[in-house]
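**Student:** Here's a sequence, model it:
(one chain, ligands or ions: 1)
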Amino acid sequence: MSQIPSHCLVRGSINIDEFFHGKFYHYQPIHFLIFYFPTYIVNDVVRPGETISSTKFERRAGGKGANQAAAVAQAGGRVSLVGAVGEDGKWVVNDLESMGVNVDSVSVVEGPTGRAIIQLTPAGENCIILHRGANFALEDLPDQIVSHLVSSTHILLQNEIPWSGTLAYLEHAHARGIITIFNPSPMPPADQIRSFPWTALSWLLVNEVEAEGLLNSLGSQPSPSLLDGGLSTPAEWPAFPALSATYPIVKKLSSHQCLSSTNVVCTIGPAGAIAIIPTLTDAIYVPAAKLQGDVRDTTGAGDCFTGYLIAGLMRLYDSGTNTLSQDNATDLLIYSTHAAGMCVEKRGALESIPRRMDVDARLG
Ligand code: ADP
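**Tutor:** Model (predicted):
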């Protein structure tokens with residue numbers, strides 16, 4: 001029996017991200033003069049009762065569902081997004097469509113689009129207020145879920161929509177044998193983590209902070225097989241502190257009984273990415289890509305990585321390769337770290353996701 005061509009369904013969030021770049025002057029007396037001079041600049045975010053000026057304002061499309069769907073599309077995968085915006089977010093939907101995302105199942109509802117108000121300091125710190133808006137407007141009814149999943153081979157979920165919707169999509173998809181991928185971002189509370197149906201998950205994608213948060217909530221339950229090879233990084237891996245700190249966490253996480261058959265991938269910013277695939281003997285480490293230029297903006301690097309990883313999985317699926325090997329899994333990570341590396345060289349989240357042909361050209 002021939003299988004249907006790969007198609008990824010993303011049920012997730014769509015936001016408008018509003019960036020306020022701030023800096024303000026502190027006035028202090030110069031010792032022997034009576035005048036006060038602006039003697040130094042403080043890079044800060046606003047505190048209670050305070051008003052500060054923004055030096056620059058930008059509005060961009062965002063939301064993890066939108067970013068990751070756009071990344072799958074830019075990476076060459078067929079992808080549909082199920083989500084909602086208000087009237088004020090129609091331009092975001094148009095942007096997504098122009099990037100190749102099928103937006104037929106994005107609803108326009110009453111009220112505002114989900115919004116992130118982001119204060120940025122030149123020192124790179126940020127403060128974010130999130131308004132969920134239309135992201136919580138949809139009711140995920142079983143009939144609709146089934147009709148959205150009917151031609152899907154992969155499903156990708158994050159945590160910026162109602163938890164009940166995420167659970168319902170995951171359970172329906174798992175029951176249909178669809179490849180399920182979850183990026184628990186933002187991190188759910190501990191009780192939700194503990195009751196999550198982890199065994200329904202084919203892939204867990206996390207960054208190092210999320211890996212640690214999950215492990216703390218699940219509790220460490222190392223099975224005896226975990227201790228094969230121990231918790232230190234394999235001798236042939238580089239001695240990066242971030243890598244040696246993260247590897248034991250990912251190893252403990254992937255050996256937790258509820259994740260023992262789930263593929264776990266953890267990104268570690270400029271230190272690259274680790275994958276632990278239960279069917280493979282060795283853990284995989286891939287360093288971050290060598291950049292051609294400076295780091296401009298790391299926003300959305302993880303989403304870009306995710307989209308490229310999934311598009312790679314979809315290509316494996318289409319080629320009939322349903323078994324992961326050390327080589328093909330390593331290739332997937334190399335491709336994804338290169339795409340994510342190109343993403344950090346440019347500003348923005350959606351705008352900085354590279355096209356597949358450009359990633360191919362970079363990889364030579
Ligand atoms: P998230 O955005 O979820 O926090 P990470 O910061 O771990 O994700 O970044 C995801 C991937 O982006 C990394 O695995 C790496 O490949 C790439 N990346 C992130 N920061 C850099 C950087 N400074 N230099 C090169 N690649 C980077």
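
**Student:** what about the residue of the stretch 51-200 of the chain found nearest the ligand, how many residues close to it?
**Tutor:** Here the stretch 51-200 of the chain gets closest to the ligand at one residue, residue 185, 6.8 Å apart by CB to the nearest ligand atom. Every residue, glycine included, has its C-beta placed from N, CA and C. Residue 185 is surrounded by 20 other residues when neighbours are defined as other CB atoms under 10 Å.

**Student:** Check residue 192 too.
**Tutor:** If you count neighbours by other CB under 10 Å, residue 192 ends up with 15.

**Student:** what's the answer for residue 180, then?
**Tutor:** Residues near residue 180, counting by other CB under 10 Å, number 22.

**Student:** contacting residues around it?
**Tutor:** When contacts are counted by CB atoms under 8 Å, 6 or more residues apart in numbering, residue 180 touches 154-155, 157, 170, 173-174, 200-203.

**Student:** that older thread, need the three-state assignment for the residue of the stretch 51-200 of the chain closest to the ligand.
**Tutor:** coil (DSSP: H, G, I helix; E, B strand; the rest coil).

**Student:** Would you check that it makes contact with residue 210?
**Tutor:** Yes: checked against CB atoms under 8 Å, the pair residue 185 and residue 210 is within contact range at 6.1 Å.

**Student:** Name all residues that make contact with the residue of the stretch 51-200 of the chain closest to the ligand.
**Tutor:** If you count contacts by CB under 8 Å, 6+ apart, residue 185 has them with 64, 158-160, 206-207, 210, 302.

**Student:** That one and residue 156, how far apart?
**Tutor:** Separation of residue 185 from residue 156 (CB to CB, to the nearest Å): 12 Å.

**Student:** picking that back up, intersect the contacts of residue 185 with the contacts of the ligand.
**Tutor:** 207, 302 (CB under 6 Å from any ligand atom).

**Student:** Sort out for me which of the contacts of residue 185 are in helices.
**Tutor:** Cross-referencing those with the helices (criterion: DSSP state H) gives 64, 210, 302 as the overlap.

**Student:** For these, pick the one with the most neighbours.
**Tutor:** Comparing the ones in helices among the contacts of residue 185 by number of neighbours (other CB under 10 Å), residue 64 comes first, having 27 neighbours.

**Student:** show me what contacts that residue?
**Tutor:** By CB under 8 Å, 6+ apart, residue 64 lies in contact with 12-13, 158-160, 183, 185, 303.

**Student:** next one: residue 360
**Tutor:** Under the contact definition (CB under 8 Å, 6+ apart), no residues are listed for residue 360.

**Student:** for it, helix, strand, or coil?
**Tutor:** Judged by three-state DSSP, the three-state class of residue 360 is helix.

**Student:** still on that earlier bit, any chance of the contacts of residue 180 in CSV, with pLDDT and distance to the ligand too?
**Tutor:** As requested, those are arranged in CSV below (pLDDT from 0 to 100; distance: CB to the nearest ligand atom, whole Å):
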residue, pLDDT, distance to the ligand
154, 98, 19
155, 98, 19
157, 98, 15
170, 98, 20
173, 98, 23
174, 98, 24
200, 98, 22
201, 98, 18
202, 98, 19
203, 98, 15
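
**Student:** Pull the most distant pair out of those residues.
**Tutor:** The largest separation in the contacts of residue 180, counting by CB to CB, is between 154 and 200 at 13.9 Å.

**Student:** So for the two, which sits in the more crowded spot?
**Tutor:** Counted by other CB under 10 Å, residue 154 and residue 200 do not tie: residue 154 has more neighbours, with 25 against 16.

**Student:** from what I can see residue 62 touches residue 350, true?
**Tutor:** Yes: in terms of CB under 8 Å, residue 62 counts as a neighbour of residue 350; the distance is 7.1 Å.
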